[in-house]
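**Student:** kindly return the folded structure for what I paste below:
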Amino acid sequence: MGDTHVLFVEDDDVIREATQLALERDGFEVTAVPDGLTGLERFRERQPDIALLDVMVPGLDGVSLCRRIRDESTVPVIMLSARADSIDVVLGLEAGADDYVTKPFDGAVLVARIRAVLRRFGHASGPNGNAASEAPDTIEGGVLRFGDLEVDTEGMEVRKAGLPVALTPTEMRLLLEFSAAPGTVLSRDRLLERVWDYGWGGDTRVVDVHVQRLRGKIGQDRIETVRGFGYKLRG
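**Tutor:** This is a model prediction of the structure:
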């Protein structure tokens, strides 16, 4: 982790300095700034390996900053929110964040979450051990076809009607999980464990928002909601 560069945007001086020190003790290189506009400048000067964005920062709020970053990059983003039930959490996820952590947070929990996200992004290979109950139309050279949707599991590329679809690494892992078991209902808890690497209970809103984002890119009817159970990919 010594070479891992973290961009940290937080306007509270005490939280910013304490968190920076905690991350640096764990071997991260940290660029810490107090506002969103400076955060965007630092991001463009040197793209980090991961960005931690507080929702409520001056100049350019965290949600808007996340949206600007996502327009330019697929770098992982974790939002920091003062309230777990805040609408800001959903807004941040809809803006393109990959995960969120609720404040006040324990430094060890934050480090664990950062490492979990980095593991997902550094190892975007397909999921393990899922037996498909309904096979895709064809499988050629690692390319799965579901109607007009093509998922290249080796090249990590997706095409719809022959046109490339830009997915974030988290969206790609989510689609790979569905593609490995088309027609099989996957619970939100299972998706949290397999895609987000949560070994504990997590907020299922993370799954719901990412499914909605994925639907918007590959087709609204491609992923079906099975009320009370979860989601499944239509073959």
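
**Student:** check contacts around the residue positioned nearest the centre of the chain.
**Tutor:** The centroid of the chain falls nearest to Asp98 when counting by CA atoms, centre = their mean (2.4 Å). The contact partners of Asp98, taken as CB atoms under 8 Å, 6 or more residues apart in numbering, are Pro76, Val77, Ile78, Val117, Arg120, Thr168, Pro169, Thr170. Every residue, glycine included, has its C-beta placed from N, CA and C.

**Student:** which ones among these lie within strands?
**Tutor:** Using DSSP state E, the subset of the contacts of Asp98 located in strands is Val77, Ile78.

**Student:** ok, back up a step: how about the residue nearest to the centre of the chain: what's its closest non-neighbour residue?
**Tutor:** Excluding its sequence neighbours, the residue lying closest to Asp98 (CB to CB, 6 or more residues apart in numbering) is Thr170, at 4.6 Å.

**Student:** can you tell me which residues contact the one you found?
**Tutor:** Thr170 sits next to Pro76, Asp98, Arg120, Phe121, Val195, Trp196, His210 when contact means CB under 8 Å, 6+ apart.

**Student:** list the contacts for the first one?
**Tutor:** Which is Pro76. Asp49, Ile50, Ala51, Asp98, Asp99, Val117, Leu118, Arg120, Phe121, Pro169, Thr170.

**Student:** now render those as a markdown table, adding pLDDT.
**Tutor:** Below are the contacts of Pro76 laid out as a markdown table (pLDDT from 0 to 100):
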| residue | pLDDT |
| --- | --- |
| Asp49 | 95 |
| Ile50 | 96 |
| Ala51 | 97 |
| Asp98 | 93 |
| Asp99 | 91 |
| Val117 | 88 |
| Leu118 | 89 |
| Arg120 | 78 |
| Phe121 | 76 |
| Pro169 | 87 |
| Thr170 | 91 |
